[in-house]
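Asker: 3D model of this:
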Amino acid sequence: MDHEHAAGIPADHSPNPPDSDAKADSLSALLAGDYPLRPSQDPTRVSADLDTLRIHYMGDLLKDLTQEPTVTLIPYVVAAPGEKRREALEQLRRCASQMPGWHVTERSYSDDDAAVWRSSEQRHGLAAACRYAVIGPAHGLLVMGRSAMPLDNFEYQRILRYFHQHQCFVAFASELAAG
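Answerer: Numbering: from 1, shown residues only. Below is the predicted model of the structure:
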């Protein structure tokens, strides 16, 4: 799979180290960007590490936004067109409305159900949402959960880092509803 242009996001040009016994599992390595994702790693561990990275990036940006009156999010869903998509978008809006000072843009993005299995470059809604987030009036992307993001961990990590470089983050609706 070509990871060069995931969701319209420039590829990280750092080479991926070969699979070895060397452990690069510390949070500092993950945050520094020298955390090699290797196929031999336990997928559950990789997923947990990427979730830690996402939450850390979101927390960093939210700390910097203390002077902002509103945190603005762009909703992105993976759902069938029609009623399912409207319901999913409405659910995202309800979750955000529970957070004082959080707002969801009227503009939303989506891909159909089959997008779950597609790479980022084949998810036109996700690519557009990512572009709009970094150039538009938003602080981040609001999604239902990890399943709305690319299944490929390399692509997902690239999106997280790209957003972080552009002062944006990815928020999961389940976290807002719990908060």
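Asker: which strands and helices sit next to the lengthiest strand in the chain?
Answerer: With secondary structure taken from DSSP state E, the chain has its longest strand at strand 71-78. Packing partners of strand 71-78 (3 or more CB pairs under 8 Å, 6 or more residues apart in numbering; DSSP states H and E): helix 83-97, strand 102-104, strand 109-111, helix 124-135, strand 140-143. Yep, even glycine has a C-beta here, placed from its N, CA and C like the rest.
Asker: quick one: which of the ones you listed is nearest residue 45?
Answerer: Among the helices and strands packed on strand 71-78, the nearest to residue 45 by CB to CB is strand 140-143 (21.9 Å).
Asker: contact partners of the closest one?
Answerer: The contact list for strand 140-143 (CB atoms under 8 Å, 6 or more residues apart in numbering) reads 58, 61, 71, 73-77, 92, 95-96, 104, 129-130, 133, 149, 163, 168-173, 176.
Asker: Can you give the distance from that strand to the centre of its chain?
Answerer: The chain centre lies 7 Å from the centre of strand 140-143; the measure is CA atoms, centre = their mean, to the nearest Å.
Asker: Any stretches of the protein with poor pLDDT?
Answerer: Within the chain, the ranges that satisfy pLDDT under 70 run 1-40, 177-179.
Asker: rewinding a little: out of the helices and strands packed on strand 71-78, which comes closest to residue 43?
Answerer: Counting by CB to CB, residue 43 lies closest to strand 140-143 out of those; the figure is 19.6 Å.
Asker: other SSEs contacting the next helix or strand after that closest one?
Answerer: Later in the chain than strand 140-143, the nearest helix or strand by DSSP states H and E is helix 153-165. Here helix 153-165 touches helix 43-64, helix 124-135, strand 169-172, going by 3+ CB pairs under 8 Å, 6+ apart.
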